[in-house]
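**Q** below: sequence and its predicted model.
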Amino acid sequence: MADHREHPRAPIELKVDYRRLNSFFADYTKNISKGGTFIKTRKALPVGTRFLFRLSVPGREAPFELNGEVMHAAPQGEEAGMGIRFVWATADERAAFEGLVEELMTRSLGPLVAQNLLRPKP
């Protein structure tokens with residue numbers, strides 16, 4: 001299956017907390033990009049669900065509070081989880097988080113690999 005993502009993803013595991021109805025969940029990301037993330041879970045939310053979640057980033061005092069929309073979900077199998085597209089309230093909010101993702105990719109993958117991943121497609 002072709003990968004049609006706008007932004008490349010890096011395999012970075014971060015803790016994610018979110019709420020559904022009256023239940024709280026704590027899961028982990030499988031990967032992250034400037035545009036979204038994949039959350040590993042067997043309790044996937046329905047496609048189209050918009051929700052608030054907290055993303056814990058090492059070295060940051062408080063978690064990021066982000067809005068996301070479930071773009072695809074697979075509640076079973078080895079790749080169980082849900083693909084999330086970030087939903088931004090402002091351009092400044094988006095730019096600040098994109099800078100953080102670039103920093104995480106550089107720390108996780110090294111500067112050369114991160115630079116190659118983040119380079120705009122021709």
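**A** On my side now, so go ahead.
**Q** tell me where the chain has helices.
**A** For the chain, applying DSSP state H gives helices covering 91-109, 111-118.
**Q** least confident of these, on average?
**A** Confidence, taken as mean pLDDT, is least for helix 111-118 of these (a mean of 64).
**Q** centre of the chain to stretch 86-93, how far?
**A** The chain centre lies 14 Å from the centre of stretch 86-93; the measure is CA atoms, centre = their mean, to the nearest Å.
**Q** show me the contact partners of that stretch.
**A** For stretch 86-93, contacts defined as CB atoms under 8 Å, 6 or more residues apart in numbering pick out 35, 36, 37, 50, 66, 67, 68, 69, 94, 97. Quick note: C-beta positions are derived from backbone N, CA and C, even for glycine.
**Q** mind running it again at 6 Å?
**A** Stretch 86-93 has contacts (CB atoms under 6 Å, 6 or more residues apart in numbering) with 36, 66, 67, 68, 69, 94.
**Q** can you say which of the residues you listed are buried?
**A** Neighbour-count burial (16 or more other CB atoms under 10 Å) is assigned, among the contacts of stretch 86-93, to 36, 66, 68, 69.
**Q** so the last one makes contact with residue 85?
**A** Yes - taking CB atoms under 6 Å as the definition, residue 69 is a contact partner of residue 85 at 5.0 Å.
**Q** low pLDDT regions in this structure?
**A** Scanning the chain for pLDDT under 70 picks out 1-6, 8, 109, 111-122.
**Q** recalculate using a threshold of 50.
**A** Applying pLDDT under 50 to the chain picks out residues 1-3.
**Q** nearest residue to the middle of it?
**A** Nearest to the centroid of the C-alpha atoms of the chain, with distances taken as CA atoms, centre = their mean, sits residue 37, at 2.3 Å.
**Q** tell me how far the spatially closest residue to it that is not a sequence neighbour lies from residue 105.
**A** Closest residue in space to residue 37, ignoring its immediate chain neighbours: residue 29 at 4.8 Å, by CB to CB, 6 or more residues apart in numbering. Here residue 29 is placed at a distance of 13 Å from residue 105 (CB to CB, to the nearest Å).
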